[in-house]
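# Quick check, what structure comes out for this input:
(2 chains)
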Number of protein chains: 2
Amino acid sequence: MPSAPSSRVLTVAVAQMGPIARSETRTQAVERLISLMEESHGLGAKFVVFPELALTTFFPRWVIDDEEELDSYFETSMPNNETQPLFERARELGCGFHLGYAELVRDDAGKKTYFNTAILVDDTGAITGKYRKIHLPGTAKTVAGAPHQHLEKRYFEVGDLGFPVFQSQGGVMGMCICNDRRWPETWRMLGLQGAELVALGYNTPHVNPFATAEPVFLGMFHNHLSMQAGAYQNGTWVVASAKAGVEEGVHHMGGSCIIAPTGEIVALCHTEGDEVAVAQCDLSMGDYIKQNIFNFEAHRRIEHYGLITSQTGMKRPDGV
Amino acid sequence: MPSAPSSRVLTVAVAQMGPIARSETRTQAVERLISLMEESHGLGAKFVVFPELALTTFFPRWVIDDEEELDSYFETSMPNNETQPLFERARELGCGFHLGYAELVRDDAGKKTYFNTAILVDDTGAITGKYRKIHLPGTAKTVAGAPHQHLEKRYFEVGDLGFPVFQSQGGVMGMCICNDRRWPETWRMLGLQGAELVALGYNTPHVNPFATAEPVFLGMFHNHLSMQAGAYQNGTWVVASAKAGVEEGVHHMGGSCIIAPTGEIVALCHTEGDEVAVAQCDLSMGDYIKQNIFNFEAHRRIEHYGLITSQTGMKRPDGV
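The predicted structure follows:
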């Protein structure tokens, strides 16, 4: 809503990536990220959002039985030798970032747990928040007849950090990852905690391998629809970065964007390659929505929402 | 998703109404409803959706202190003498309907309770479902400086029937009313029970009286955005009917529409007066969404949704 200029304007970049080949090294990927960060900084950005699993190709499209090969796609520490240059450049430029990557955790007994993870990093290069993906799409087993597989349920555990928000970049920041963005529960969990900006990355095939008869153009509509509704219904900025283009034979959609708390797309990537788009985000802009149409305290009726947390699947009532 | 023709196609009409003047009688309003039903039937419809509070002007814009005057806007039985002709015409035409009205309930002790209500009526003229509005917008007290008031919290109690679904018109039918459509909780409650079609009416001013600086065009965008997301995220048809145009000095938006389970608007009213739009709705069309991208059983993680039902208002976590 137009109002007096706020001192809470954060200039934000969404940094889309084109494909990452299977043969591409971490060092090469990080060089691309640094280049995108420098471009973003040149446009005035103090915060840049990178895609989901931004350091490697999207490996869950393959069946990988060899544990050593699988582990090669995961980071066991962050930052690490390969990503340290990105953290250093962030500090030098005073430009924070959001980064998605595959995370491998070893407990004291050596047991390994795998997550699809994202972090927030502030303008000093310090990690200020971590999120582990909760809504894992796809399947744990291969699906016969699908044009490609989507095995996130095979390779990742469901995130164990909930939907946290963080004080970072001067505002209340939330994160989610890819399929999380389709679920209104994700947005509401972040909205109930006062999120002012939600950063996310995604790797989304143009063709849904499990609903191949669906018209392909609906993919981009659904991508934006869910995020625009989440922004509006919670009065938050959304900054969403795709890994796009044809990666190892699978065509992923772009459409990386910055969405205002009104639900409007205010910046949009228009290629399927490495590309930056920027917007000046007043972190107070959602306040009038949070205080009026979506004043939760005044309007929500949790006594009538019971099934949302008591029932996982769809179930017709008796007699219906 | 294109597939073999289903035997579950229900031809549905959305019947928008132009303004109802304060001086207009129930009989006059019912004559308009019958005319819209006949037009819908002529276009092949077996089910027609009328607006919220379709029998009178939208009285919550006024402060009404006189109890007798207030009660004059409410129905104490349904059908009643004035609405009986609509039920009879429905039976004659074999055309069911959804109707919103103000409902006054008197208990045995004479205590009066007021609801913003809607019903489903089948093609025999029998009432098959009732819903009472849960998300009451606006305020209980007048707001100084607002261009007009919106006193639903003054005149209505929060609905006490939850978000029920019904077997009617050959499918699983849900309802909500006006402001309910903005809340993802409404859609999820209906989706968790397998809703295949959700009928609703609305009376929405072009200018939000409590956020007058918001660009007016956003009103229609928000109207459609919330319903399209609700349709897609639950794989359900949405049939939404406005009372539109300038009613007693307040300009209400139209935009009545039928939305497919893909989230696409497949029929749209383009005037602000009495108008019908029709679509052939395959009630099985949402199945592929319910079984894939929004397969709740496979993907929802209720253990991470706790705040949605435990916390009404927005609250920043400690330290954020």
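
# Would you mind putting the CA coordinates of stretch A:155-162 into CSV?
The C-alpha coordinates for stretch A:155-162 follow below in CSV (Å, rounded to 0.1, in the frame of the first residue of the first chain):
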residue,chain,number,x,y,z
TYR,A,155,17.2,-39.8,-0.7
PHE,A,156,16.1,-37.4,1.9
GLU,A,157,14.6,-37.5,5.4
VAL,A,158,11.7,-35.2,6.2
GLY,A,159,13.2,-32.0,7.7
ASP,A,160,13.4,-32.0,11.5
LEU,A,161,13.6,-28.2,12.1
GLY,A,162,10.0,-27.2,11.6
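
# Give me the contacts around that stretch.
If you take C-beta atoms under 8 Å, 6 or more residues apart in numbering or on different chains as the criterion, stretch A:155-162 is touched by A:59-60, A:64, A:70, A:102, A:113-117, A:130-134, A:136, A:189, B:301, B:304. C-beta coordinates here come from the backbone N, C-alpha and C atoms, glycine included.

# mind running it again at 6 Å?
Residues from elsewhere that reach stretch A:155-162 (C-beta atoms under 6 Å, 6 or more residues apart in numbering or on different chains): A:60, A:113-116, A:131-134, A:136, B:304.

# Out of the residues you listed, which end up buried?
A:60, A:114-116, A:131-134, A:136, B:304 (16 or more other C-beta atoms under 10 Å in any protein chain shown).

# circling back: in strands, which of the contacts of stretch A:155-162 fall?
A:113-116, A:131-132 (DSSP state E).

# Relative to B:Leu53, which of those residues is nearest.
A:Tyr131 (43.6 Å; C-beta to C-beta).

# Leaving out the residues flanking it, which one is nearest to the closest one?
Counting by C-beta to C-beta, 6 or more residues apart in numbering or on different chains, A:Tyr131 lies nearest to A:Met175, which is 4.1 Å off, once chain neighbours are set aside.

# Okay, the one you found and A:Ala195: tell me how far apart.
9 Å (C-beta to C-beta, to the nearest Å).

# tell me, what residue is most central in chain A?
A:Leu200 (2.1 Å; C-alpha atoms, centre = their mean).

# about what we covered before: with the ones in strands among the contacts of stretch A:155-162 in mind, which one is nearest to A:Val246?
Using C-beta to C-beta, A:Asn116 is the member of those that sits closest to A:Val246, with 21.9 Å.

# OK, contacts around that closest one?
Contacts of A:Asn116 (C-beta under 6 Å, 6+ apart): A:133, A:156, A:177.

# Output those residues in CSV; the columns should cover pLDDT.
Output for these, formatted as CSV (pLDDT from 0 to 100):
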residue, pLDDT
A:Lys133, 98
A:Phe156, 98
A:Ile177, 98
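
# May I have the secondary structure class of A:His98?
strand (DSSP: H, G, I helix; E, B strand; the rest coil).

# Spit out the contact partners of the nearest residue to it once chain neighbours are set aside.
Distances taken as C-beta to C-beta, 6+ apart place A:Ala199 nearest to A:His98, at 3.9 Å, with adjacent residues excluded. By C-beta under 6 Å, 6+ apart, the residues touching A:Ala199 are A:49, A:98, A:175, A:239.

# Name the residues that touch the helix or strand encompassing the third one?
In the assignment (DSSP states H and E), A:Met175 maps to strand A:171-177. Counting contacts by C-beta under 6 Å, 6+ apart, the residues outside strand A:171-177 that touch it are A:52, A:116, A:118, A:120, A:131, A:133, A:165-166, A:186, A:190, A:194-200, A:283, B:320.

# next one: stretch A:237-256
Looking at what lies outside stretch A:237-256 - C-beta under 6 Å, 6+ apart - the contacts are A:12, A:14-19, A:22, A:49-51, A:57, A:61, A:148, A:197-206, A:219-220, A:223, A:227, A:231, A:257-259, A:269, A:272, A:281.

# Tell me where the model's unsure across the stretch 201-320 of chain A.
Regions of the stretch 201-320 of chain A meeting the criterion pLDDT under 70 are absent.

# and it, which residues reach chain B?
With C-beta under 6 Å from any C-beta of the partner chain as the criterion, the stretch 201-320 of chain A comes near chain B at residues A:210-211, A:213-214, A:218, A:225, A:228-229, A:233, A:262-263, A:288, A:292, A:296-297, A:299-302, A:304-305, A:307-309, A:311-314, A:316-317, A:320.

# Is the closest residue to A:Arg182 other than its chain neighbours part of a helix or strand, or is it coil?
Among residues not flanking A:Arg182 along the chain, A:Ser226 sits closest, at 4.5 Å (C-beta to C-beta, 6+ apart). Here A:Ser226 is recorded as helix under three-state DSSP.

# what number of residues lie near A:Ser226?
24 (other C-beta atoms under 10 Å in any protein chain shown).

# With A:Ala140 instead?
Neighbours around A:Ala140, by other C-beta under 10 Å: 12.

# what about it, which SS state?
Taking three-state DSSP, the label given to A:Ala140 is coil.

# Contact partners for it?
Shown in contact with A:Ala140 (C-beta under 6 Å, 6+ apart): A:153-154.

# Describe which strands the helix or strand where A:Val14 lies pairs with in its sheet and in which direction.
Assigned by DSSP H and E, A:Val14 belongs to strand A:9-16. Strand pairing for strand A:9-16, using DSSP bridges, gives strand A:47-49 (parallel), strand A:275-282 (antiparallel).

# Next secondary structure after the longest one?
For strand A:275-282, the succeeding helix or strand toward the C-terminus, using DSSP H and E, is helix A:287-290.

# Tell me the helix or strand right after that following helix.
Heading C-terminal from helix A:287-290, the first helix or strand you meet, by DSSP H and E, is helix A:296-299.

# next SSE after that following helix?
From helix A:296-299 onward toward the C-terminus, using DSSP H and E, the following helix or strand is helix A:306-310.

# need the strands for chain A, in chain order.
Under DSSP E, chain A gives strands at A:9-16, A:47-49, A:96-106, A:112-121, A:127-132, A:165-168, A:171-177, A:197-202, A:237-242, A:245-247, A:250-252, A:257-259, A:265-268, A:275-282.
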